[in-house]
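Chemist: one predicted model, sequence on top.
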Amino acid sequence: MSKPLSFSAFVMNTASHIIHGLWRDENGHQKNFNDVELWVSLAKKLDEGGFDAIFFADVIGLYGDHRGGWEYHVKTGLQIPSNDPMVLMSALAVNTKYLGLAFTAAPLQEHPFNFARRVSTLDHISKGRIAWNIVTSYSANAFRNFGYDGLVPHDERYRWADEYVDVLYKLWEGSWDDGALLQDVKSGIHADPAKVHKINHIGERYKVEGPHLVSPSPQRTPVLFQAGASSTGREFAARNAEAVFIVAPDPENARQLINEIQRLAKQNGRDENDILVFQGLSFVIGETEEEARRKEAELDQKIDLDMMIAHMAGGMGIDLGNISLDTPLKHIETEGVRSTYEWLKQSTPGRTPTVRDLAKLRTRSSRIVGTPETIADQLEIWREAGIDGVNMINAVIPGSYEEFIDLVMPVLRRRGLAREGHSEPSTFRKKLFGSDLLNERHPVAKYRGAFAAKSTTQ
């Protein structure tokens, strides 16, 4: 039998994340993103409702200019203001029991020594439910915020990420041996120094002596997500990721992408089951098909297409703000647009796709509309294509998730498409893979015990 899908809530600590303009909707509370109670309440509902994780996106800079400047993003609330999701993790950890807690961060943001310390601390607080979505950041503004002249070239960003994770693996997996923390009250020995090691990393960007200041957390290394779509990004994921986030336009495209991910995993000495695939999907749910289509039409009326263009084009580094939405896309000469052109043609048969179609791509290509039963039918097709989970995109918070939990989850459970419920609390990795720690095929394994033979005085 096929295993149940995992479900993650895809959110961001901001007013307008993916489906733009809905922060103005009377049924949405995401405009209250500064209020920690919004996130605590949502996390509790997800925890009790059978979701496996809450997955926070993040940015550390503005998207590319729209209509000639960056002021548009501030005016409309396009992912600004946005708050640090890592800070939220502590509050969510102590208010949930089962939910995986995933955040996004780039090497640009923080030195690996301090990052390793913060992540290990969060993993302790959550009893092993932390996950990290590894990104390299493609915002020129983000790099200027951290003192660079502009965007570091793509492949160099991934070389940077390679060294960054290498330092982290040494700290998380190699600095403390199993059994190092004794806490022997009678002898007064708190930890065995022979089992705690400096890592003495010297690389192109970092020099880190160590040791790691935090004793091993339940997972040691957090669950590792990655979402890079480039060939370099996929190679990085094949070496490092345990789960990848995709937004394929349909199950067949997902199947092809999953086959490629599995091929790369095996090429890098890993098993095809070592990397799970989460597809980004949103849902419009009705008691009847007619009600679902009516709700979809109402949703489309509320979506701000100009914001959608600002988000998508800005992420590709182009400004489409002064171009009519009805401009044929073939007249826009950019590599970023050409890379999505084939997907757009599939969704607009018989005519040339326009800029307006590009705006709709993000919402409609990843949207399932129907009754709970027909939604389950579609998720069955996605599962057969090879996905392991769904990263659910919301229109409103918390309503999109409440409706899915109340109406769709019971049907999915009857169909074997979702887990029956939580058993005992466990680490996030154990829930996904059956083990607290990364397996021996992952690069972290080479650092387990690697520093034990070296002198503790070095």
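Modeler: Ah, there it is.
Chemist: now do the same contact list for residue 378.
Modeler: 368, 370 (Cβ atoms under 8 Å, 6 or more residues apart in numbering). Placement of C-beta: from N, CA and C, glycine included.
Chemist: helix or strand for it, which one?
Modeler: helix 372-385 (DSSP states H and E).
Chemist: same check, this time on residue 277
Modeler: strand 276-285.
Chemist: how about whichever helix or strand comes after that strand: buried residues?
Modeler: Toward the C-terminus, strand 276-285 is succeeded by helix 289-302 as the next helix or strand (DSSP H and E). For helix 289-302, the neighbour count (16 or more other Cβ atoms under 10 Å) marks 292, 295-296, 299, 302 as buried.
Chemist: so the closest residue to residue 243 other than its chain neighbours versus residue 261, what's the distance?
Modeler: Spatial nearest neighbour of residue 243, excluding adjacent residues (Cβ to Cβ, 6 or more residues apart in numbering): residue 276 at 4.3 Å. Going from residue 276 to residue 261 by Cβ to Cβ, to the nearest Å gives 10 Å.
Chemist: what's next to the very next helix or strand once past the helix holding residue 378, contact-wise?
Modeler: Using DSSP H and E, the helix or strand that directly follows helix 372-385 along the chain is strand 389-393. Residues outside strand 389-393 that contact it (Cβ under 8 Å, 6+ apart) are 5-10, 18-19, 52, 55, 243, 245, 276-283, 366, 379, 382, 400-401, 404.
Chemist: repeat the analysis, applying 6 Å as the threshold.
Modeler: Identification of contacts with strand 389-393 by Cβ atoms under 6 Å, 6 or more residues apart in numbering yields 5-10, 18, 55, 245, 278-282.
Chemist: same question for stretch 205-212.
Modeler: So stretch 205-212 is contacted by 113, 163, 167, 171, 175, 196-201 (Cβ under 6 Å, 6+ apart).
Chemist: can you pick the most crowded of the residues you listed?
Modeler: Among the contacts of stretch 205-212, residue 171 has the most neighbours (other Cβ atoms under 10 Å), with 28 neighbours.
Chemist: quick one: low-confidence parts of this structure?
Modeler: Applying pLDDT under 70 to the chain picks out residues 1, 316, 330-347, 362, 454-458.
Chemist: 50 instead?
Modeler: 335-339, 455-458 (pLDDT under 50).
Chemist: for residue 99, give me its contacts.
Modeler: 43, 46-47, 54.
Chemist: next, it: phi, psi?
Modeler: phi -70, psi 130 (degrees, to the nearest 10).
Chemist: again with the one 5 residues further on
Modeler: According to degrees, to the nearest 10, the main-chain angles of residue 104 amount to phi -110, psi 140.
Chemist: tell me the SS of residue 439?
Modeler: Recorded secondary structure, residue 439: coil (DSSP: H, G, I helix; E, B strand; the rest coil).
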